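[1] Got a sequence here, can you model it:
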Amino acid sequence: MMEPNLRRGYNVAVKCLRKCYTEKGIMAGTTHYSNYWSGDGFFASFGACALGDFQIVKKEINLFLSKQRDDGMLPLRIGQENMLLGFAGFKMNDGTPVYREDKAGHTPMFQNSLLIMAACNYIRKSGDKTFARQILPKLEKTIAWYQPRGHLLEEKPYSTWADAVKKQGRVLYTNVLFCRALYDMHLLSAMLGKKSDFFERYEETKRAINRHFWSGKYYYDWIDKEKEKYFPVPENMLAVLLGIADHSRSESIIEEAEDMDAGFTVWNVRPKYKRKHRSPFLEIAGMADYQDGLLWLWPGCLYALALKKLMRDPVPIMERISRKINEYGTVYEIYNPDGTPVKRRLYTTEKDFAWSSGMFVYAFNEIFKGQH
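    Numbers count the residues shown, from 1 in each chain. Below you'll find the model as predicted:
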């Protein structure tokens, strides 16, 4: 019998996710992140699909495709161009597509892959083949934006989800998502009876990831002049869940992650990033620990899903995440190590955080199928 705490936490997460729905798509949150962020919305869409909220996911996909550049690039976010003004309380969500990250103006690299993954998940779950046929040319343009970059993508600092860290060169997160996007394009093309070379490219990219990033125990964080030997937990969980890691590597990753327990979720990375790898802007703002010293719920959801895939028990971590959700009656973006919501001089954590809400809803439905 399911613990009542789990059901309550799930219901709160559903409410938080749906608070982020608008007539256009899925916002990242309801206060200072009330923009359409690609990473947040596309991950949240997996939870929306699990609820059967297909129309909002279709709107989210169409919103970003409507802002696609001629070269195939999708925006990082749609809404307010200057996020610093947003944090200061000046809201100007005028639908502006933003194609550069905010700290150094570099090109973000992950959003094209994530849209493909979200679109293919929507098509699989909804069975909407008409929409698949309509958007296939745009998805082909979306994946083609990466083609000149070879089997492993390279990027400049602040261009991944961990945009407070100067990851550059070949970054695990970006390449894992790109690899999966190639596989999803293969599936979609096959579904529509169109020949493609996406599967061959997927296999080449997967081999390259395993050849260059594998440490013997887990996947390294990024490779620039040398291999940065951090253990990034969410990225490694994605490698397990998206089929990049084989069974043996997946088991090794899960064993490494056993030391990453943070009580109600998991730590993002081990060890903490060196100062030279941190954003000086976040240091000035007193948020240098944003992505290695504070805690997020969605990596814990990925960990639970990876445990399930390897036939281990995911229920305890899901129960702990649920208790944290119930404690405050919302899903916050980030928490202090003691479990309290982050509130500092220049930054207060977002509430009704779509990314974590959507991933908890998605994980709950995957883990407790037929039990609710």
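[2] which stretch of helix or strand covers G358?
    Using DSSP states H and E, G358 maps to helix 354-367.
[3] now do K324
    Since the elements are taken from DSSP H and E, K324 ends up inside helix 315-328.
[4] could you check the angle helix 354-367 makes with that helix?
    Interaxial angle of helix 315-328 relative to helix 354-367 (axes from the mean of the first three to the mean of the last three CA atoms, to 10 degrees): 140 degrees.
[5] Could you list every helix and strand in contact with helix 315-328?
    Here helix 315-328 is seen to pack against helix 4-19, helix 298-309, helix 354-367 when contacts are counted using 3 or more CB pairs under 8 Å, 6 or more residues apart in numbering; DSSP states H and E. Where C-beta positions appear, they are placed from N, C-alpha and C, glycine not excepted.
[6] one more time with 6 Å, if that's ok
    Helix 315-328 makes packing contacts with helix 4-19, helix 298-309 when contacts are defined by 3 or more CB pairs under 6 Å, 6 or more residues apart in numbering; DSSP states H and E.
[7] Between helix 298-309 and it, find me the angle.
    Interaxial angle, helix 315-328 versus helix 298-309 (the same axes, to 10 degrees): 150 degrees.
[8] quick one: average confidence on helix 315-328?
    Mean pLDDT, computed over helix 315-328, is 98.
[9] pull the CA atoms of that helix into PDB?
    The C-alpha coordinates for helix 315-328 follow below in PDB (Å, rounded to 0.1, in the frame of the first residue of the first chain):
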ATOM      1  CA  VAL A 315      10.700   4.200  -3.000                       C
ATOM      2  CA  PRO A 316      12.800   5.500  -0.100                       C
ATOM      3  CA  ILE A 317      14.200   8.400  -2.100                       C
ATOM      4  CA  MET A 318      10.800   9.200  -3.500                       C
ATOM      5  CA  GLU A 319       9.300   9.200   0.000                       C
ATOM      6  CA  ARG A 320      12.000  11.600   1.200                       C
ATOM      7  CA  ILE A 321      11.500  14.000  -1.700                       C
ATOM      8  CA  SER A 322       7.700  13.900  -1.100                       C
ATOM      9  CA  ARG A 323       8.100  14.700   2.600                       C
ATOM     10  CA  LYS A 324      10.200  17.800   1.700                       C
ATOM     11  CA  ILE A 325       7.500  18.900  -0.800                       C
ATOM     12  CA  ASN A 326       4.800  18.400   1.900                       C
ATOM     13  CA  GLU A 327       6.800  20.300   4.500                       C
ATOM     14  CA  TYR A 328       6.400  23.600   2.600                       C
END
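[10] Give the buried residues for it.
    For helix 315-328, a neighbour-count test (16 or more other CB atoms under 10 Å) marks I317, M318, E319, R320, I321, S322, R323, K324, I325, N326 as buried.
[11] Would you check that my belief about the fifth one contacting W298 is correct?
    No - under the contact definition of CB atoms under 6 Å, I321 does not touch W298, with a separation of 9.5 Å.
[12] Please identify every residue contacting each of the two.
    With contacts taken as CB atoms under 6 Å, 6 or more residues apart in numbering, I321 and W298 have no neighbour in common.
[13] and the closest residue to F46 other than its chain neighbours, what does it touch?
    Take F46 and drop its neighbours on the chain: the residue closest to it by CB to CB, 6 or more residues apart in numbering is Y362, 4.2 Å away. Under the criterion of CB under 6 Å, 6+ apart, the contact list for Y362 reads F46, G47, A50.
[14] Remind me which helix or strand the nearest residue to D289 once chain neighbours are set aside belongs to.
    Nearest in space to D289, with sequence neighbours left out and distances taken as CB to CB, 6+ apart, is K272 at 7.6 Å. With elements taken from DSSP H and E, nothing contains K272; it lies in neither a helix nor a strand.
[15] Any figure for the gap between L114 and N121?
    Taking CB to CB, to the nearest Å as the measure, L114 falls 10 Å from N121.
[16] That should have said A48, apologies.
    Taking CB to CB as the criterion, A48 is separated from N121 by 10 Å.
[17] more neighbours, those two?
    Comparing A48 with N121 by neighbour count (other CB atoms under 10 Å), the higher total belongs to A48, at 31 against 19.
[18] Locate the more buried one within the secondary structure: which element?
    With elements delineated by DSSP H and E, A48 resides in helix 38-50, which encompasses its position.
[19] any idea of the mean pLDDT for that helix?
    With pLDDT averaged residue by residue, helix 38-50 scores 98.
[20] quick one on the thing from earlier: so which of the contacts of Y362 wins on neighbours?
    Ranked by neighbour count under the definition other CB under 10 Å, those are headed by G47 with 29 neighbours.
[21] can you tell me which residues contact it?
    Contacts were defined as CB under 6 Å, 6+ apart; by that measure G47 touches L17, G358, V361, Y362.
[22] tell me which residues in stretch 219-231 are buried?
    For stretch 219-231, by 16+ other CB under 10 Å, it's Y219, Y220, D221, W222, I223, E228, Y230, F231.
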